[in-house]
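Participant: When you get a sec, could you give me coordinates for this:
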Amino acid sequence: MSLRAIGRSMWFWLGLVLMTWSSADAVWAQSPDRLPSGLTIDHAIQFGLDHYPSVRVALARVEAAKSGIDLTRTAYLPRVEMGFQQNMGTFNKASGVFFMTPYTPPIWGRQGDGVSYRGAWGSAAGTMAAWEPFDFGLRNANVEAARAAERQTAAGVTLTQLDVGLGVGDAFFMVLMAQQTVEAMKGNVERRRVFSDTVNVLVKNGLRPGVDASRALAELAMARTQLIQAEQAEGIARATLAEVLGAAGEQFDIRPGPLMTLPGSSRLPEPAPWAHPLAVAQKATADVFQKRKEALDRAWVPRFDLMAGFSSRGSSWERNGNREPGYGGLFPDVPNWVGGWTMSFQLFDFASIRAKRLTEEHNQQAELAAYDQVIQALTGKHFKAVETVKGANRIAENTPIQLTAARDTEVQARARYQTGLATVVEVAEAQQLVVQASIDDALARLGVWRSILGLAGARGDLGLFLNLVRSSTGQRNP
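Facilitator: Coordinates of the predicted model:
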């Protein structure tokens with residue numbers, strides 16, 4: 001190979017390595033496991049549903065339950081056993097009857113003379129097949145019980161997804177509320193700083209007593225402390241949100257989207273507690289016991305098996321107990337076949353089956369009573385959520401009035417102080433009204449959205465909330 005060809009080859013492999021590295025880097029950059037920047041609440045809920053460990057646990061349990069159905073269906077298949085053995089042993093026999101035990105292997109052939117510890121080779125091979133052609137519905141009942149267990153775990157997945165979605169949504173609101181509080185505290189610090197500078201000028205000019213400067217400085221320091229506390233709360237809320245997203249420790253930014261404006265008015269839904277995932281899961285649990293009871297109703301029936309087998313044996317022992325020379329018993333050379341059917345019936349299992357059935361029946365009654373309790377609790381939760389939405393809307397309509405009045409009061413209080421008609425305490429109180437009104441107004445709008453999320457949780461359908469968010473941002477609902 002020429003030097004030019006070697007050079008082209010080196011450039012080719014170098015380029016291939018760089019392309020592979022850049023492709024891997026691009027895949028890592030677009031990894032769906034990384035939190036996207038500018039996270040909105042609908043994206044956050046979907047991210048939590050995709051990544052929170054408890055959802056993956058529930059999904060894995062559903063797959064395990066499906067495997068349980070497949071395992072139960074294998075009872076329809078015929079059983080086929082095959083085996084081969086080689087051994088060396090004696091041929092001493094004793095007359096009389098005894099029960100077979102694992103430590104007394106059977107000895108075939110006529111009894112020999114005397115007792116000897118001489119051994120000889122023996123072998124056996126064979127296969128046996130058995131199939132149950134009918135079972136009076138027992139296997140189908142077991143399959144239905146397995147399917148009921150699968151439906152129970154599937155309902156658990158929906159319930160887990162609802163809990164995770166609500167947890168993410170609530171944590172998202174906590175971060176937004178903390179951010180709004182921080183913004184209000186920053187404005188409060190700035191107002192008190194400006195007022196403190198004004199007071200210092202008036203005190204230096206002898207227009208106000210020195211105690212006013214101390215009071216204004218104390219109010220400014222207190223505002224800074226409150227800002228630090230608000231920033232601390234925001235950091236904790238952000239860490240909590242990352243945890244419920246399944247991305248603990250990661251840094252990310254969120255976007256409020258339409259949550260800082262009031263949603264459009266819509267008709268509040270009617271209660272449907274039976275459709276809530278918790279009610280569905282509870283009903284599925286009761287169904288599991290019902291199916292188990294139906295399976296036990298067929299567990300006492302006799303069992304019929306069609307059987308067929310082929311086997312062969314080899315032995316170095318003769319009929320009279322003498323040992324043949326050589327190694328003829330190492331391999332089975334005497335064949336036999338057999339075919340037929342058997343019927344087996346465990347007569348005294350009826351008592352134990354009846355006791356098991358009563359246990360399943362009582363368990364079912366307990367779960368049905370729990371289902372009624374769940375329906376009552378969900379119905380009450382729905383109406384509480386409706387009242388919360390109504391109250392949140394009324395509060396959101398009132399807080400702008402509160403904020404406007406507080407701002408006017410603060411402006412007038414400062415003007416009166418500068419003309420000597422008001423004290424520094426009156427200005428401090430007016431500024432405190434402004435910061436409280438600012439926080440209340442921001443939290444009131446978020447409170448309306450949060451109450452709708454709570455109503456969606458009470459109904460067990462996050463779509464009520466997500467569809468409203470998407471329609472408020474002009475997105476098309478799925």
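Participant: so for the longest helix along the chain, what's the average pLDDT?
Facilitator: In the chain, with assignment by DSSP state H, the single longest helix is helix 349-418. Here helix 349-418 scores 94 as its mean pLDDT.
Participant: separation between P106 and G89?
Facilitator: 11 Å (C-beta to C-beta, to the nearest Å). Where C-beta positions appear, they are placed from N, C-alpha and C, glycine not excepted.
Participant: repeat for A248
Facilitator: A248 is 66 Å from G89, by C-beta to C-beta.
Participant: same question, S37
Facilitator: When S37 is compared with G89 (using C-beta to C-beta), they lie 78 Å apart.
Participant: The two: who's more crowded?
Facilitator: Each of S37 and G89 has its neighbours counted (other C-beta atoms under 10 Å); G89 has more, 13 against 10.
Participant: how about that one, phi and psi?
Facilitator: Here is the backbone geometry of G89 (degrees, to the nearest 10): phi -160, psi 180.
Participant: partners of it in the sheet?
Facilitator: Listed beta-bridge partners, G89: A120 (assigned using DSSP bridges).
Participant: mind listing what the closest residue to G460 other than its chain neighbours touches?
Facilitator: Leaving out its chain neighbours, the residue that sits closest to G460 by C-beta to C-beta, 6 or more residues apart in numbering is H276, at 3.4 Å. H276 makes contact with 374, 378, 458-460, according to C-beta atoms under 8 Å, 6 or more residues apart in numbering.
Participant: Check what pLDDT H276 gets.
Facilitator: So H276 comes in at 93 (pLDDT).
Participant: Give me the distance between it and A299.
Facilitator: 35 Å.
Participant: ok, now V175?
Facilitator: Counting by C-beta to C-beta - V175 and A299 are separated by 56 Å.
Participant: Comparing the two, which residue is more hemmed in?
Facilitator: Applying other C-beta under 10 Å to V175 and A299 shows that V175 carries more neighbours, namely 25 against 18.
Participant: tell me the contacts of that one?
Facilitator: So V175 contacts 234, 237-238, 241, 254 (C-beta under 8 Å, 6+ apart).
Participant: Now do the helices in this structure.
Facilitator: 3-29, 41-51, 53-73, 138-204, 210-244, 277-296, 349-418, 424-459, 463-472.
Participant: So which of those is nearest G96?
Facilitator: helix 349-418 (31.7 Å; C-beta to C-beta).
Participant: chain center to that closest one: distance?
Facilitator: The chain centroid and the centroid of helix 349-418 are separated by 22 Å, computed with C-alpha atoms, centre = their mean, to the nearest Å.
Participant: Likewise for stretch 217-228?
Facilitator: 44 Å.
Participant: Surely V386 touches L268?
Facilitator: Yes: contact criterion C-beta atoms under 8 Å: V386 and L268 qualify, at 5.4 Å.
Participant: which residues are in contact with both of those two?
Facilitator: L455.
Participant: and these two? which has more neighbours close in?
Facilitator: Under the criterion of other C-beta under 10 Å, the comparison of V386 against L268 puts V386 first, with 18 against 13.
Participant: can you tell me how far that one sits from A60?
Facilitator: Counting by C-beta to C-beta, the separation of V386 from A60 is 36 Å.
Participant: which of the helices of the chain has the lowest average pLDDT?
Facilitator: What stands lowest among the helices of the chain, in mean pLDDT terms, is helix 3-29, with a mean of 46.
Participant: what's the longest helix of the chain packed up against?
Facilitator: Packing partners of helix 349-418 (3 or more C-beta pairs under 8 Å, 6 or more residues apart in numbering; DSSP states H and E): helix 138-204, helix 277-296, helix 424-459.
Participant: try 7 Å this time
Facilitator: helix 277-296, helix 424-459 (3 or more C-beta pairs under 7 Å, 6 or more residues apart in numbering; DSSP states H and E).
Participant: got the angle for the shortest one vs helix 138-204?
Facilitator: Spelled out, that is helix 277-296. Angle, helix 277-296 to helix 138-204, by axes from the mean of the first three to the mean of the last three C-alpha atoms, to 10 degrees: 160 degrees.
Participant: Just the buried residues of helix 277-296, please?
Facilitator: 277-296 (16 or more other C-beta atoms under 10 Å).
Participant: what do you get for stretch 37-46?
Facilitator: 39-45.
Participant: how long is it from one end to the other?
Facilitator: In stretch 37-46, first residue to last residue: 14 Å (C-alpha to C-alpha, to the nearest Å).
Participant: contacts for that stretch?
Facilitator: 36, 165, 168-169, 172, 245, 252-255, 257, 259, 462, 466, 469-470 (C-beta atoms under 7 Å, 6 or more residues apart in numbering).
Participant: Tell me which two of those residues sit farthest apart.
Facilitator: D253 and L462 (23.0 Å).
Participant: These two - which one has more neighbours?
Facilitator: L462 (22 against 10).
Participant: tally of neighbours for the nearest residue to that one once chain neighbours are set aside?
Facilitator: Closest residue in space to L462, ignoring its immediate chain neighbours: G165 at 4.8 Å, by C-beta to C-beta, 6+ apart. Burial of G165 is recorded as 24 neighbouring residues (other C-beta under 10 Å).
Participant: Settle this for me: G165 is touching G463, isn't it.
Facilitator: No: when contacts are counted by C-beta atoms under 7 Å, G165 is not listed as touching G463 (10.2 Å).
Participant: show me what contacts V115?
Facilitator: N92.
Participant: and stretch 396-416, which residues are buried?
Facilitator: Neighbour-count burial for stretch 396-416, counted by 16+ other C-beta under 10 Å, picks out 396, 399, 402-403, 406, 409-410, 413-414.
Participant: before we move on, what about stretch 229-245?
Facilitator: Buried residues in stretch 229-245 (16+ other C-beta under 10 Å): 230-231, 233-234, 237-238, 240-242, 244-245.
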